[in-house]
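Engineer: the following comprises the amino acid sequence and a computationally predicted model.
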Amino acid sequence: MSAGLASIGERARDEGLDIGFVSMGFAPDLGGIETHLLQLAQEFTARGHRVHVLCLDSRRGRAPYSFEDQLHGQVRVRRVAYAYHDHRALADLAVRAEANDTVMAWLAEEPCDVVHVHHASGFGAGMLQAIHEMGRPLLLTLHDYWMLCPRGQMLRNDGAVCASALAQTCAACLAATWPHLMPSERGEQRGPGGEALTSDEQAAAARTAHALSMLNLPARLFAPSAAARDVFERNGVPAGRIAVLPNGVEVEGLAAAVAAARRATAPKDDRRRVAVLGSVQPSKGVLEFARAALSLNDSRLVIEIHGALGDYHGDSSYGMRLRELATAHPQLELHGEYAHVDLARILARVDLVCVPSRWHEVFGLTAREARAAGLPVFVSDRGGLADLRADPGVRLLAAEDATAWRNALEQFMTEPAGQLVLGPAPKSAHALALELESHYVELVRTQLGREPRLLFQAGTDVPVSRLESEPPASKKGPWWRRMIR
């Protein structure tokens with residue numbers, strides 16, 4: 001533990017919970033999950049809880065599995081150096097002893113009452129076993145399909161969307177993506193349990209079977225949409241095992257910030273700005289959307305792409321083709337990656353947000369953020385995006401129908417500019433925090449045998465009086481828990 005963090009550990013721990021988050025990244029890292037976790041952490045600390053984060057640090061030049069402890073606001077963050085340097089077989093994406101040791105060492109230092117895993121990539125699904133064996137109440141949110149598909153999005157290397165994780169199909173796709181991990185090339189011929197393998201199909205099947213077995217371990221298993229839940233159930237997770245718990249969006253603050261930015265912006269010209277937000281990769285359909293929009297040949301239409309143009313599992317050709325298109329068409333603007341603090345400024349200047357995803361989005365954060373600001377949104381009719389169909393400000397379009405997208409944009413260009421559309425407010429990050437808090441408290445009661453002292457009644461904004469917050473002696477839990485509180 002870094003000496004600079006010791007003072008936080010000296011805080012009285014007689015109120016609130018110690019909540020552990022595990023994920024690939026955390027703020028100031030950029031990304032949807034990173035933003036989601038930061039908002040949740042802020043909500044929990046405001047309610048008197050302490051949040052501890054374990055995440056990865058992919059910066060070069062650091063010794064593998066070394067770590068740095070930091071404070072991000074009131075949140076304790078441990079960043080573990082890892083750059084996928086030790087993968088020798090497909091099984092290494094599933095479980096590695098060093099990763100498990102890292103997780104267990106963190107838990108030995110941090111007094112987490114519950115551990116909520118938000119993404120196991122980099123650590124491996126086997127880390128769920130490590131957390132479970134240490135006796136910590138465990139929760140897992142399935143923010144994408146990584147537990148079924150190592151590529152994360154059930155989108156094959158040839159661009160086809162998968163409905164199921166079939167061993168034969170997965171084997172061919174993974175061999176094209178990471179040939180050095182597969183038995184047919186130079187990958188070590190072993191499975192997640194050390195079992196001998198002789199074919200790519202066996203390797204793919206073993207990895208999927210291991211992931212499904214790990215999904216038996218969390219006491220709570222969440223998916224942000226019914227569509228995502230259905231994908232996992234179709235691939236072997238028992239019906240009823242996954243609870244649908246939509247993510248929250250920072251609603252009121254974002255809407256106010258966008259309104260303020262609009263008031264501060266000079267009157268616009270007659271051009272109409274359409275934005276696509278988020279990572280630029282084949283699963284997001286950004287290139288195909290840009291081509292459809294440019295086919296209108298309307299000089300008033302400006303297409304803004306806000307997102308990183310990185311590679312996609314080692315392939316950078318998609319971003320290169322988008323850059324070439326932007327060079328030929330100045331009205332296609334590539335603005336690069338943006339920090340969440342810049343979101344209000346971006347939304348204030350655009351007229352429409354489009355989410356042309358080709359994969360079955362698990363949730364669709366950018367669409368909901370745009371709707372929180374009152375902007376009209378065009379989305380693909382896939383995955384969690386389809387849940388927006390009842391919103392009058394949302395138009396669903398067939399994901400791969402370029403003509404449908406072109407026609408929708410053409411109609412949009414004929415409508416009055418600057419139109420905001422009211423609709424049902426997305427669930428807030430605060431509301432989600434209340435729901436999760438109820439789960440956390442219940443697990444502390446049932447698995448740790450302790451009645452936590454809270455500042456608010458669990459899952460509500462009703463304050464708890466000091467007398468109410470003192471649990472009966474019989475509910476204070478075993479002596480070893482009291483010693484570390």
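Structural biologist: In hand now; what should we look at? Numbering: from 1, shown residues only.

Engineer: for residue 436, what is the enclosing helix or strand?
Structural biologist: Applying DSSP states H and E as the criterion places residue 436 in helix 429-448.

Engineer: what lies in contact with that helix?
Structural biologist: Helix 429-448 has contacts (CB atoms under 8 Å, 6 or more residues apart in numbering) with 17, 19, 36, 39-40, 42-44, 47, 49, 113-114, 116, 135, 137, 139, 219-220, 245-251, 450-452, 454, 458-461, 477, 481. In this view, the C-beta of every residue, glycine as well, is placed from N, C-alpha and C.

Engineer: would you map the helices across the stretch 101-250 of the chain?
Structural biologist: Taking DSSP state H, counting those that start in this stretch to define them, one finds helices in the stretch 101-250 of the chain at 127-133, 167-177, 200-214, 226-234.

Engineer: packing partners of the longest one?
Structural biologist: In this case it means helix 200-214. helix 167-177 (3 or more CB pairs under 8 Å, 6 or more residues apart in numbering; DSSP states H and E).

Engineer: helices or strands up against the helix it packs on?
Structural biologist: Applying 3+ CB pairs under 8 Å, 6+ apart, we find helix 167-177 packed against helix 200-214.

Engineer: if you count neighbours, what's buried in the helix it packs on?
Structural biologist: Within helix 200-214, the residues scored as buried using 16 or more other CB atoms under 10 Å are 200-212, 214.

Engineer: tell me how far that helix is from the chain's mean position?
Structural biologist: Centre-to-centre, helix 200-214 and its host chain are 23 Å apart (CA atoms, centre = their mean, to the nearest Å).

Engineer: now the angle between helix 226-234 and that helix, please.
Structural biologist: In this structure, helix 200-214 runs at an angle of 110 degrees to helix 226-234, with axes from the mean of the first three to the mean of the last three CA atoms, to 10 degrees as the basis.

Engineer: where in the stretch 351-485 of the chain is pLDDT low?
Structural biologist: For the stretch 351-485 of the chain, residues meeting the criterion pLDDT under 70 lie at 466-485.

Engineer: residue ranges with poor pLDDT in the stretch 1-150 of the chain?
Structural biologist: Counting by pLDDT under 70, the ranges of the stretch 1-150 of the chain that qualify are 1-14.

Engineer: 90 instead, please
Structural biologist: Along the stretch 1-150 of the chain, the model assigns pLDDT under 90 to residues 1-15, 27-32, 35, 58-62, 83-85, 111.

Engineer: do the stretch 151-300 of the chain as well
Structural biologist: For the stretch 151-300 of the chain, the ranges with pLDDT under 90 are 157-159, 163, 186, 249-255, 259, 262-270, 279.

Engineer: all strands for it, in order.
Structural biologist: Assigned by DSSP state E, counting those that start in this stretch, the stretch 151-300 of the chain shows strands spanning 220-223, 243-244, 272-277.

Engineer: just the buried ones out of the contacts of helix 429-448, please.
Structural biologist: Listed as buried from these are 17, 19, 36, 39-40, 42-44, 47, 49, 113-114, 116, 137, 139, 219-220, 245-251, 450-452, 454, 458-459, 477; burial here means 16+ other CB under 10 Å.

Engineer: if we can go back for a sec, how about CSV for the strands of the stretch 151-300 of the chain, with distance to residue 416 added?
Structural biologist: Shown next, in CSV, are the strands of the stretch 151-300 of the chain (distance: least, CB to CB, whole Å):
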stretch, distance to residue 416
strand 220-223, 39
strand 243-244, 37
strand 272-277, 11
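
Engineer: mind checking which of those is nearest residue 129?
Structural biologist: Distance to residue 129, taken as CB to CB, is lowest for strand 220-223 among these, at 14.9 Å.

Engineer: quick revisit: out of the helices of the stretch 101-250 of the chain, nearest to residue 93?
Structural biologist: Nearest to residue 93 among these is helix 200-214 (6.7 Å), distances taken as CB to CB.

Engineer: residue 393: which of the strands of the stretch 151-300 of the chain is closest?
Structural biologist: With CB to CB as the yardstick, what comes closest out of the strands of the stretch 151-300 of the chain is strand 272-277 (14.6 Å).

Engineer: point out the other helices and strands that that closest one packs with.
Structural biologist: Applying 3+ CB pairs under 8 Å, 6+ apart, one finds that strand 272-277 makes contact with helix 286-294, strand 301-306, helix 343-349, strand 352-355, helix 365-372, helix 402-414.

Engineer: tell me, how many residues neighbour residue 265?
Structural biologist: A count of neighbours around residue 265, defined by other CB atoms under 10 Å, yields 11.

Engineer: cheers, nothing more for now.
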